[in-house]
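Peer 1: pasting the sequence and the predicted coordinates here, then a few questions.
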There are 2 protein chains.
Amino acid sequence: MSRLEDCAINYKGETPVVMLDVDRVEANYHSMKRGMPTANIHYAVKSNPNTHILGRLHDIGCKFDAASVGEINLLFDTGVKPDDISFGNTIKKTKDIKYAYDRGITLFAVDSEEEIEKVASAAPGSSVYVRILIATTEAEWPLSKKFGCVPDHAIGILNYAKECGLNAIGISFHIGSQTRHPSMWKDTLDGISRIWSEAKALDHDLYLLNIGGGFPSYYGTAITELETYCSELESMIYDRFEGVEYLMSEPGRGLVGDAGIIVSEVVLVAKKHPSDEVRWVYLDIGKFSGLSETMEEAIKYQFIIPDRENSSTSKCILAGPTCDSADVMYEINKVDLPIDLKSGDRFIIKNTGAYTTTYSTVWFNGFEPLKELIV
Amino acid sequence: MSRLEDCAINYKGETPVVMLDVDRVEANYHSMKRGMPTANIHYAVKSNPNTHILGRLHDIGCKFDAASVGEINLLFDTGVKPDDISFGNTIKKTKDIKYAYDRGITLFAVDSEEEIEKVASAAPGSSVYVRILIATTEAEWPLSKKFGCVPDHAIGILNYAKECGLNAIGISFHIGSQTRHPSMWKDTLDGISRIWSEAKALDHDLYLLNIGGGFPSYYGTAITELETYCSELESMIYDRFEGVEYLMSEPGRGLVGDAGIIVSEVVLVAKKHPSDEVRWVYLDIGKFSGLSETMEEAIKYQFIIPDRENSSTSKCILAGPTCDSADVMYEINKVDLPIDLKSGDRFIIKNTGAYTTTYSTVWFNGFEPLKELIV
């Protein structure tokens, strides 16, 4: 049993709460670095901006990727230097670009003509990398088409950035959340490396390759161990890309996913009719108070019910405590839960360090945002 | 043009912001009361717990439905008496039931055996109404099966509540969000009234009928005007139900939907490739900062682009500002937007008074929760 599971099982306080283990984050960082020693790890602040996590990562040499001015200011408060921050959101207000630039940040993501014009006007002469849209991957949760230009247009965007006086130094992509094995990167790396080579042949001086995130956490389906994962991935990259001087990665979940655990409580166990086989189990945490990643049942969390370890189980639908009918976590993928489960039972949700705290709503249905506890 | 639209168009401050018109809420309350004079209106606090709205509704005699202890405390702070509060969530912690009961609240919703046992132990002798699950309705956004027992089991639940020493005084149901015309209530009222009659024939002393919410706001498809809507609905109810002494409704959207307007800003307009017909338009507000009801593109908001009123339009995908790929509001239902739309343009989102403010996340991607402005 991990230290975090032990803490969660022995926790006696109010629920729901997420317990965070900063040592685990540090250990993950070192595993990643051992596997991929040449990588510049820019932690994706959005996955968990807890100040203890940011502080520790800063102390051990990690860099950061920010999605907004809010995150940039938090990083400055943590003591991070502007050179160690990339502004990786492809959707930025002009005034926010200027704010970042005035404070020394000079590395931005772009994926469109208008964004290039904004960066060129508000942060003249800065460095940019062009985000490329990945159509299909083997990620458990592939991304939408929201970010990136299509591969066909990548050279056009690089050309335009150069025309506008920016340093077009690199390419980025995101393979999608939860890419469980390094072998699943192959086709994407093949495709991106063709664009990389083509751009270099056209005299673009590319040296930054940003491979984004996608590093997995364990949610019930096997994943490759982190150091091995990174080591294989690094080899695959250098086999395909020439002239990469700044290999950049943006892990979020891969660093903090297994560094958090949620302790919640069963509020109600009910059947719609006594003859139903399926029970409805309602927790004191739901889709609007931390478990947003259960949208479309994408992330399938694992559970511990400490007081019912030896009970037999049956299929349940799992839902949250609000009066919102959409606040249902798992209905298609029913969850096996103890047949004697009842109101008041502790219910532990594993590997919930990423995309939980800041995703919770401010006060929906009068419920407070998810509380954090460093252990 | 409404006063709220006028305010939004002339607003020069920071975005995003939701502007709230408390007079509009009051006017809606009076329309509802004129149409349905016998109804006890319990405002669904969760739809918008702004203290100015709560205060005004309290001043003009409205009652309230609370989903949690958080909402109950806010109502007490507003000066609402416990007799005017129902605790309508069917999923309540025992300690929260006790907290409410100790402070004088004696009306609770139940839909299952375990919930009855909790109410009976923590709030002995209280009054309960039994929520019944409505399978199919003509609502624009039908509810899931999260709440209510199936109709077949309603008598069983009423019996069990009585056995446990509770006053089983009524029945409740929810027809689903955005039921646009009163005629759409017919089949549901027919079904519920059969249960009502059956229960009365079995000596259940029912006198409370809680018709829930479902009162619509205008989102581009015709709706019946509020007073007429309520008047027709009230007739339909008394035609079907005998012995209703406490007709109860729980409007949220129907009272506050058109009392709010969001002013946002276009952050980026982009094409994935120059030859694409469809543009991507990114706003400074999205699914995680107030527009949660665009989940599954359920609620289709209407827009005003004040500076581009006369421009021709083309189809766009509308998305939010975060690095989350799920933060896309309308992709299947594309939105016609001005062809000269660009970064920095004001973008007004109408009828956003309900389910916006408290749905916004605490700090996802470093973006602040939606700000409110009373006008």
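Peer 2: Everything's here; your move.
Peer 1: count the neighbours of A:Phe87 for me.
Peer 2: 28 (other Cβ atoms under 10 Å in any protein chain shown). Backbone N, C-alpha and C define where each C-beta goes, glycine included.
Peer 1: could you find the closest non-adjacent residue to the residue of the stretch 201-350 of chain A found nearest chain B?
Peer 2: Nearest residue of the stretch 201-350 of chain A to chain B (Cβ to the nearest Cβ) works out as A:Ala270 at 3.4 Å. Leaving out its chain neighbours, the residue that sits closest to A:Ala270 by Cβ to Cβ, 6 or more residues apart in numbering or on different chains is B:Ser112, at 3.4 Å.
Peer 1: that neighbour against A:His273, yeah?
Peer 2: No. If you go by Cβ atoms under 8 Å, B:Ser112 and A:His273 don't touch, sitting 10.2 Å apart.
Peer 1: name the residues contacting each of these two.
Peer 2: Common contact partners of B:Ser112 and A:His273 (Cβ atoms under 8 Å, 6 or more residues apart in numbering or on different chains): B:Cys149.
Peer 1: which one's more surrounded, these two?
Peer 2: Using other Cβ under 10 Å, the more surrounded residue of B:Ser112 and A:His273 is B:Ser112, with 26 against 12.
Peer 1: can you pull the phi and psi angles for the more buried one?
Peer 2: phi -160, psi 160 (degrees, to the nearest 10).
Peer 1: can you give me the pLDDT of it?
Peer 2: pLDDT, B:Ser112: 98.
Peer 1: can you pull the residues of the stretch 1-150 of chain A lying near chain B?
Peer 2: A:44-46, A:49, A:66-72, A:74, A:88-94, A:111-115, A:118, A:133, A:143-150 (Cβ under 8 Å from any Cβ of the partner chain).
Peer 1: of the residues you listed, keep whichever come out buried.
Peer 2: A:44-46, A:49, A:66-72, A:74, A:88-94, A:111-115, A:118, A:133, A:143, A:145-150 (16 or more other Cβ atoms under 10 Å in any protein chain shown).
Peer 1: re the thing from before, partners of the residue of the stretch 201-350 of chain A closest to chain B in the sheet?
Peer 2: Bridge pairing for A:Ala270 (DSSP bridges) gives the partners A:Trp280.
Peer 1: tell me how many other residues crowd it.
Peer 2: By other Cβ under 10 Å, neighbour count at A:Ala270 equals 23.
Peer 1: what sits against it?
Peer 2: With the criterion set at Cβ under 8 Å, 6+ apart, A:Ala270 makes contact with A:279-280, A:282, B:111-115.
Peer 1: do the same with A:Asp111
Peer 2: Here A:Asp111 is in contact with A:90, A:130-133, A:147-149, A:157, B:270 (Cβ under 8 Å, 6+ apart).
Peer 1: at 10 Å what do you get?
Peer 2: Shown in contact with A:Asp111 (Cβ atoms under 10 Å, 6 or more residues apart in numbering or on different chains): A:90-91, A:128-133, A:146-150, A:153-154, A:157, A:172, B:268, B:270, B:272, B:280.
Peer 1: separation between it and B:Lys146?
Peer 2: 39 Å (Cβ to Cβ, to the nearest Å).
Peer 1: neighbours of the nearest residue to A:Ser47 once chain neighbours are set aside, how many?
Peer 2: Spatial nearest neighbour of A:Ser47, excluding adjacent residues (Cβ to Cβ, 6+ apart): A:Gly252 at 2.8 Å. Burial of A:Gly252 is recorded as 24 neighbouring residues (other Cβ under 10 Å).
Peer 1: swap in the one 3 residues further on?
Peer 2: A:Leu255 has 31 neighbouring residues, counting by other Cβ under 10 Å.
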